[in-house]
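Trainee: generate coordinates for the sequence data below:
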Amino acid sequence: MDFLELAKKRYSVRKYDSRKVEPEKREKILEAGRIAPTAANLQPQRILAVYSEDGLLRLRKGVNFYGAPLAFVICSDHSVSWKRPLDGRDTADIDASIVTTHMMLEATDLGLGSIWICYFKPEIIKAEFQLPDSVEPINVLGVGYNAGEVKSPDRYSTERSPLEETVTFIP
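Mentor: Okay, the predicted model is just below:
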């Protein structure tokens, strides 16, 4: 499958069946995150792979991940992340988002559904998983087998703005 085909196949899954994600698929998703580019190659990502009943119950206190049997909490360690010297801009959230994107697309390629969640209570996740002060949860990625309606890859022709509305061409 070429990249655009893969990207169009991906959508937010909000209903999962109870089947567990196989460990080898979980490892491939984590590998996709490991190889993701980060600013200055500092690799500030810290990922919680949550799949046990206890871990999922603890995670559920701070985020709705729609019953996915596997969730990744993608965090960034601010003590490691690159800061732009000109204005001090911390790239931790950008790096975590690149990592999340790689993981999400790998899950799609493996026949899994996913949902990228940024609406969560970071203080609860930090407390439940005893994250150090320098580590901030940035995104939660729910992953599993879709039990809901499959969305068509053709939806982008009507659901996305045309390039002319989002791109300025500079000759």
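
Trainee: determine the longest strand present in the chain.
Mentor: strand 135-144 (DSSP state E).

Trainee: list the helices and strands it packs on?
Mentor: Applying 3 or more C-beta pairs under 8 Å, 6 or more residues apart in numbering; DSSP states H and E, we find strand 135-144 packed against strand 70-77, helix 92-109, strand 113-117, helix 122-128. The way it works is simple: take the backbone N, C-alpha and C, and place the C-beta from them, glycine included.

Trainee: so which of those is nearest E22?
Mentor: Among the helices and strands packed on strand 135-144, strand 70-77 comes nearest to E22, with 9.9 Å by C-beta to C-beta.

Trainee: list the contacts of the closest one.
Mentor: The contact list for strand 70-77 (C-beta atoms under 8 Å, 6 or more residues apart in numbering) reads 20-21, 26, 29-30, 33, 44-51, 56, 59, 63, 65, 92-93, 95-96, 99-100, 103, 125, 129, 131-132, 134-144.

Trainee: residue nearest the centroid of the chain?
Mentor: When C-alpha atoms, centre = their mean is applied to the chain, the residue found nearest the centroid is T100 (3.2 Å).

Trainee: gap between that one and W116?
Mentor: T100 sits 6 Å away from W116, taking C-beta to C-beta, to the nearest Å as the criterion.

Trainee: following the worst-scoring helix or strand of the chain on mean pLDDT, which helix or strand shows up next?
Mentor: In the chain, no helix or strand scores lower on mean pLDDT, DSSP states H and E than helix 156-159, which sits at a mean of 87. Downstream of helix 156-159, the first helix or strand assigned by DSSP states H and E is helix 163-166.

Trainee: which neighbours do T100 and W116 share?
Mentor: Here T100 and W116 share the contacting residues N139, L141, scored by C-beta under 8 Å, 6+ apart.

Trainee: mind listing what L42 touches?
Mentor: L42 makes contacts with V80, S81, W82, D95, as judged by C-beta under 8 Å, 6+ apart.

Trainee: one more time with 7 Å, if that's ok
Mentor: L42 makes contact with V80, S81, W82, according to C-beta atoms under 7 Å, 6 or more residues apart in numbering.

Trainee: quick check, pLDDT for N146.
Mentor: What the model reports for N146 is a pLDDT of 97.

Trainee: right, and it touches R14 too?
Mentor: No - contact criterion C-beta atoms under 7 Å: N146 and R14 do not qualify, at 9.3 Å.
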